[in-house]
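>>> Predicted structure and sequence below. I'll ask about it afterward.
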Amino acid sequence: MPRLPLLLSPFLIVFQPLEPLFWMLVNWALLLLLLFRRLFPARIWWLQINRCKALAKNKRWAAAEQICQEAIALNPGEEWAHSGLTDLLIQQERWLEALSASQTELCLRPNDAWAHDHAGRIQMGLGQNESAIAHLTRAIELDGRIGWFYYHLGEAYGKLSQWDAAEAALGRSIDLLPNFPWSKYYLGQTLLAQGKLDDVVQLFERAKKQHPNIDSFRQNIGYLQYLQFQDQQIETYCKAYQARKAALPSSSVSRSAPLDILMVAPQPTEPPNSGGAIRMHHQAKSLGKKHHLVLVAFIFDAKDYGIHQAMADYCALPIVVLKGDYLPLDSDCPNLIHLYGSQQLTQILKKLQAIDFDIACFDFIYTAQYRHLFPHAYTVLGEHNIESDVLRRFNQLKSASVNLAQLSQESTAIDAFGEAEREVELLTAYEERLWPQFSLRTVVSENDKTALESRCPAEQMGETWVITNGIDTHSTPLLHNPTAQKLLFFGTLNYFPNIDGASYLVQEIMPLIWQEQPELKLCITGRQPPETILNLARRDDRIQVIADPDTIEEVAQDCCLSLVPLRVGGGTRLKILHAMALGLPNVSTSLGCEGLAGQDGEHLLIRDQPEAFAQAVLLLLREPGLWEKLHRNGRSLVEERYDWQAIYQDYEARLVEAWRWDRQAGAEGKVGVNQLAKRDR
C-alpha cells in the first residue's frame, strides 16, 4: 500500500482502519479529474493561463511554452493557447516561429484585436513595417480602447520615419495609458527626430516628475540640454569659420596653414579603451594638433554625453550623438550599415555643411553612408577591418563554442552577425559600391590592402594606404613576471570574435593545459562581458572574469602570458601589440596575429590547433629562456615599428600632401584622386 507523507503519520495511528477507504476516495477523485479534463478541457486550461503568465514574467520560457503546447496537443483549436504561445515567442524575439504561431492564431480568431496586435509586432520584428501598420490599424479598428495598440503603431510609424503619424499614435497611447512611461519616452524620440528639442525637454520634465524611478527621463534631459548647447556651439563655430575665411583670402593660404578637417566616428574616442577607440583617439590627437578638427562621434547611452569635454582636449569642436534613431531600413541595406544610420547625425552634419571642409575622414564602413554630404571635400575612409570578410569567417566557423540564440538575448554582440550568409552578400556589394567613392582609403595591414584592391583595383579608385595599428610605448610599463601562475585573455567582451575566442579557449584549450598544470588560473578581462562570459567563471573557480577594468596593466601585472586564440576577426589585433609592449609573451592563432610583423618563435608563438596551442603555453611555462626571448623581442618590435605617435605623425604629413596634390590637380584641370572618386559615383 502506498506510504503517506510523514506529516500525516499521526493521523494514521488514529484512523488506520479508514486508510483503505481514504485511498479509494483519492483514486476516484483522480479519475473524476481526468474525466472532467477530457470533457471540459477549456475549464481546466483556463486555470493554467495565469500559471503560464507567471512563468513568462520570470522568463521561464520553456515551462511556459510547454503549458501552451500541451493545451494545443489536447485541443488544436484552443484559442488562448495559440495566443499565449505567440506572445511568448514575441517576448523572446523568435520572429519566424512567432510568425507561424501568429498565422494559426489569426485563422482561429480573424477578428480578434489582440491577434492583429501580435501579427503587427511580429512584422515589425521582421522589418516589415508597412505590413505591421496594416495589422495594428486593424487591431485599433476592432478595439480602439487599448493603448498598447497605439503604442505599437507609433513604434511602427517611427521605424518608417513617418513622424506625424507616430506622434499622433503615441499621443493617443499616452491618453489611454497615462501611467505607462515608455509611450512618453518614444514620443520624445519622435519629437527629437523632428528637431523639436524644446518640446522634448518639456515632455521629459513632466515625465520625470510622474515617473521618478525611471532614470531614462533624467538622463535624457541632461542629454537634450546638451543638444541645445551643442546647436549653439555649432552655430558659433560656423560663424567663426566664415569670419576666419573672410579675413584670409584663399590666395594667401600658406603651405603651413592649418586645414579644416571633419572626422566622423562610430564610437567616441574617449575613453580609449577598445581597439577602434584607441586608433581613432590617436588619429584625432594627431590631426587636431595641427588643424581645425571637428570630431563627430556616436555615444551609446544618453548619460555619456559628457564625453565631449574630454574630446575637446584635441579638437576644435567635439560633437556626440546618441546612436539608435535609425533611418528606415532599405531591403538592400546591410544590417551593419542600418545600425549606424541616424536622423539626428544627418541633421548635425547638414548644419556643418556651412564649413567648406578640406578633408573629411570617415572611420569604418558604417559611417561611409554620410560621405555624400561633403561632395567637395577630400574624403578618406579608414577601414579598421574588411567587415564582409569578418562576417564571411563567422559564417564559415559555425561556432559550437557559443550558444548564439542565448547570446542574442544577453548582448548586442551578435547583432551585426545576424543572417550572416545574406549579410555577407549585401555588405560585399555595399563595400564595392562605396569604396571607389572616396578620395583615399586606409587599412591596417597589407593583407587588408590586398583584399580590398583585389575587389576594387587601384586604377578604378585611387590609392589605398596601410596605416598600421600601434601602441603608446611611452606610457606602457614593461612588466616582468615569468613565474606567475595566471594566464591572460583580454579584449572587448561585447564583440563576438572575442566572445568566441574566450569560450573556445575555456572549452577546447584550457582542459589540455590543466591536465599537466591543474593549478594554473585564467583571467578573462575586458569591457561589458555578457552572461555567456561571466558563466565561464561560475563553472570553474580557476577562471576569473574581470569586467570593465580601469586599465589592462593592473590586471596584467599578475599574469605571465597573453593568449589570443581567435578564430573570427579582421584587421590586426591591438591586444597582441599591447601584450608585447607590456612584455607578456603571446601565444596566438594565425588569424589572431594576422597582418602583424611578428615572427613565430622570435616575437610570439603561433599555433592553430587546440593541442598545439596548449603545448605552446606549457613550453613557455617550462622554458624561461624562451619566455625571456619573447618578452624582450616583443617589446623591441613595438618600439621600433608600432608606436602610435610616429605612425600618425607620418600619416598627417602624407595626408596633407595628398590633399594639396589633389587640390592642385583639380585647379589645373587634371584628374586627381578626388576627381576620380567623383567620376565613378
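Thanks, I have the structure now. Residues are numbered from 1 along each chain as shown.
>>> only C-alpha atoms for contact and neighbour calcs from this point on.
Will do.
>>> Name all residues that make contact with Asn447.
Counting by C-alpha atoms under 8 Å, 6 or more residues apart in numbering, Asn447 touches Glu594, Gly595.
>>> So what's the predicted local confidence for it?
Asn447 is assigned 90 on the pLDDT scale.
>>> Go through the helix or strand that contains Tyr223 and flag the buried ones.
Under DSSP states H and E, the secondary-structure element containing Tyr223 is helix 215-247. By 16 or more other C-alpha atoms under 10 Å, the buried positions in helix 215-247 come out as 216-224, 226-227, 230, 234, 237-238, 241.
>>> List just the nearest of those to Gly171.
Phe217 (17.0 Å; C-alpha to C-alpha).
>>> Report the contact partners of the closest one.
Phe217 touches Tyr185, Phe204, Glu205, Ala207, Lys208, counting by C-alpha under 8 Å, 6+ apart.
>>> Beyond the helix holding Tyr223, next helix or strand please.
Trace forward from helix 215-247 with DSSP H and E and the next one is strand 260-265.
>>> what does stretch 109-118 rub up against?
By C-alpha under 8 Å, 6+ apart, the list of residues contacting stretch 109-118 from outside reads 79, 83, 86-87, 90, 102, 105-106, 135-136, 138-140, 142-143, 149, 152.
>>> how about Lys486, phi and psi?
Backbone geometry at Lys486, expressed as degrees, to the nearest 10, gives phi -140, psi 130.
>>> before we move on, what about the one 3 residues further on?
Here is the backbone geometry of Phe489 (degrees, to the nearest 10): phi -120, psi 120.
>>> what's the neighbour count on the closest residue to it other than its chain neighbours?
Excluding the flanking residues, the one nearest Phe489 by C-alpha to C-alpha, 6 or more residues apart in numbering is Ile524, at 4.8 Å. Per other C-alpha atoms under 10 Å, the neighbour tally for Ile524 reads 24.
>>> helix, strand or coil for Ile524?
strand (DSSP: H, G, I helix; E, B strand; the rest coil).
>>> Beta-bridge partners for it, please?
Phe489, Val545 (DSSP bridges).
>>> Pull the contacting residues for it.
Ile524 neighbours (C-alpha under 8 Å, 6+ apart): Leu488, Phe489, Phe490, Ala502, Ile543, Gln544, Val545, Ile546.
>>> still on that earlier bit, emit the ChimeraX select command for whichever of the contacts of stretch 109-118 are buried.
The following ChimeraX line selects those of the contacts of stretch 109-118 that are buried, judged by 16+ other C-alpha under 10 Å:
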select :79,83,86,87,90,102,105,106,135,136,138,139,140,149,152
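>>> ok, now how distant is the residue nearest to Phe489 from Gly501?
11 Å (C-alpha to C-alpha, to the nearest Å).
>>> Check Gly158 too.
38 Å.
>>> more neighbours, those two?
Gly158 (27 against 23).
>>> helix or strand right after the helix or strand where that one lies?
Assigned by DSSP H and E, Gly158 belongs to helix 147-159. Next along the chain after helix 147-159, taking DSSP H and E as the criterion, comes helix 163-176.
>>> Mind giving me the packing neighbours of that following helix?
Contacts defined by 3 or more C-alpha pairs under 8 Å, 6 or more residues apart in numbering; DSSP states H and E place helix 163-176 against helix 147-159, helix 181-193.
>>> and that helix with helix 181-193, angle?
160 degrees (axes from the mean of the first three to the mean of the last three C-alpha atoms, to 10 degrees).
>>> buried sites along helix 163-176?
Those would be Trp163, Ala165, Ala166, Glu167, Ala169, Leu170, Gly171, Arg172, Ser173, Ile174, Leu176, for helix 163-176 by 16+ other C-alpha under 10 Å.
>>> nearest to Arg371, of those?
The closest of the buried residues of helix 163-176, once distances to Arg371 are taken by C-alpha to C-alpha, is Trp163, at 25.2 Å.
>>> For that closest one, give me its contacts.
By C-alpha under 8 Å, 6+ apart, the neighbours of Trp163 are Tyr157, Thr190, Leu191, Ala193, Gln194.
>>> Could you list the paired strands of the strand ranked longest in the chain along with their orientation?
Longest strand in the chain, counting residues (DSSP state E): strand 292-299. Partners of strand 292-299 in the sheet, by DSSP bridges, are strand 260-265 (parallel), strand 317-322 (parallel).
>>> Please save the CA atoms from that strand in PDB.
These are the backbone C-alpha positions of strand 292-299, laid out as PDB (Å, rounded to 0.1, in the frame of the first residue of the first chain):
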ATOM      1  CA  HIS A 292      41.000  72.800 -37.100                       C
ATOM      2  CA  LEU A 293      39.300  69.400 -36.300                       C
ATOM      3  CA  VAL A 294      35.600  68.900 -35.900                       C
ATOM      4  CA  LEU A 295      35.000  65.400 -34.400                       C
ATOM      5  CA  VAL A 296      31.500  63.900 -34.500                       C
ATOM      6  CA  ALA A 297      31.000  60.600 -32.700                       C
ATOM      7  CA  PHE A 298      28.200  58.300 -31.600                       C
ATOM      8  CA  ILE A 299      27.600  57.500 -28.000                       C
END
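>>> now that strand: how far from the chain's centre is it?
Mean-position distance between strand 292-299 and its chain equals 20 Å (C-alpha atoms, centre = their mean, to the nearest Å).
>>> Could you number the chain from 9 rather than 1 from now on?
Understood, numbering begins at 9; the last thing we discussed is strand 300-307.
>>> next helix or strand past that strand?
Downstream of strand 300-307, the next assigned helix or strand under DSSP H and E is helix 315-319.
>>> what sits up against that next one?
Pro276, Thr277, Glu278, Pro279, Pro326, Ile327, Val328.
>>> Please point out which parts of that helix sit buried.
For helix 315-319, using 16+ other C-alpha under 10 Å, the buried residues are Ile315, His316, Met319.
>>> Check the gap between the first one and Arg379 for me.
Looking back up the chat, that one is Ile315. From Ile315 to Arg379 the distance is 24 Å (C-alpha to C-alpha).
>>> Give me the below-cutoff pLDDT ranges for the chain.
9-27, 30-31, 34-35, 37-56, 257-262, 406-427, 578-580, 676-689 (pLDDT under 70).
>>> quick one, strands of it?
Using DSSP E, strands in the chain cover 268-273, 300-307, 325-330, 367-371, 386-390, 448-451, 472-474, 494-498, 529-534, 551-555, 569-572, 594-596, 613-614.
>>> Looking at the ones you listed, which is nearest to Ala71?
Minimum separation from Ala71 across the strands of the chain (C-alpha to C-alpha) falls at strand 551-555, 30.9 Å.
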